[in-house]
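Q: coordinates only, no sequence provided:
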């Protein structure tokens, strides 16, 4: 199996003083797994690296390393660099990309989204919020802001049947830039 570039998304770290994971320590931890070309983007837990393996195996390895090092559970989602660059080419809401890039989110679930997920989410959408599911990408346009939305992490997890984490459009583009394109 050849070495590939990957993006790992850690869910729920460095939020409100909980589950603190300093990025320097995270980079060191990832390097200890013998993964290379390690870089992080902002404090929310975005790691770019090169390694051999399958996404589920890489997720498990990093989750176990985080648990052993920091003493708490951190869900991790891994996507290939090619998949990430595909997301970064364009969202389901092109106008939101420029008009409100902080409110346009790419959400990804650990397991493939259920076929009825988009329909199930519609009941939670308010104030012009829109959701589109394309393959494994869940695009959410939080028109009026994330803070007052009913599309909470717990709702997304329940509807999709697995852990979901999201990044705004600016972060999607910045991570693509770290991968060398964006």
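A: Cool, got the structure. Here the structure is a predicted model, which means the values were calculated and not measured.

Q: flag every buried residue along the helix or strand bottoming out on mean pLDDT in the chain.
A: Lowest by mean pLDDT, DSSP states H and E among the helices and strands of the chain is helix 117-122, with a mean of 87. If you call a residue buried by 16 or more other C-beta atoms under 10 Å, then helix 117-122 has these buried ones: 117, 121. C-beta: built from backbone N, CA, C; applies to glycine.

Q: elements contacting that helix?
A: Helices and strands touching helix 117-122, as assessed by 3 or more C-beta pairs under 8 Å, 6 or more residues apart in numbering; DSSP states H and E, comprise strand 130-134, helix 153-160.

Q: adding mean pLDDT, mean neighbour count and distance to residue 22, write the ones you listed out as CSV.
A: What follows is those, written out as CSV (pLDDT from 0 to 100; neighbours: other C-beta atoms under 10 Å; distance: least, C-beta to C-beta, whole Å):
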stretch, mean pLDDT, mean neighbour count, distance to residue 22
strand 130-134, 91, 17, 34
helix 153-160, 92, 17, 23
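
Q: now those in a markdown table, with distance to residue 177?
A: A markdown table is the format used below for these (distance: least, C-beta to C-beta, whole Å):
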| stretch | distance to residue 177 |
| --- | --- |
| strand 130-134 | 22 |
| helix 153-160 | 26 |
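
Q: compare those and give me the one nearest residue 112.
A: Closest to residue 112 of the helices and strands packed on helix 117-122, according to C-beta to C-beta: helix 153-160, at 8.7 Å.

Q: list the contacts for residue 139?
A: When the contact criterion is C-beta atoms under 8 Å, 6 or more residues apart in numbering, the partners of residue 139 are 91, 92, 93, 104, 105, 106, 107, 131, 132, 133.

Q: excluding its backbone neighbours, what's nearest it?
A: The shortest distance from residue 139 to any non-neighbouring residue, by C-beta to C-beta, 6 or more residues apart in numbering, is to residue 92 (3.8 Å).

Q: could you break this protein into its assigned domains?
A: Structural domains annotated on the chain: 4-81, 89-168, as defined by automatic domain parsing.

Q: export the ones you listed to a markdown table and tack on distance to residue 175?
A: Compiled in a markdown table, the domains of the chain are given as follows (distance: least, C-beta to C-beta, whole Å):
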| stretch | distance to residue 175 |
| --- | --- |
| domain 4-81 | 6 |
| domain 89-168 | 7 |
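
Q: so for residue 179, which of those domains sits nearest?
A: Closest approach to residue 179 among the domains of the chain (C-beta to C-beta): domain 4-81, 5.0 Å.

Q: straight-line length of the closest one, end to end?
A: With C-alpha to C-alpha, to the nearest Å applied, domain 4-81 spans 8 Å between its terminal residues.

Q: by how many degrees do the host helix or strand of residue 86 and strand 130-134 diverge?
A: Applying DSSP states H and E as the criterion places residue 86 in helix 81-88. Orientation note: helix 81-88 sits at an angle of 150 degrees relative to strand 130-134 (axes from the mean of the first three to the mean of the last three C-alpha atoms, to 10 degrees).
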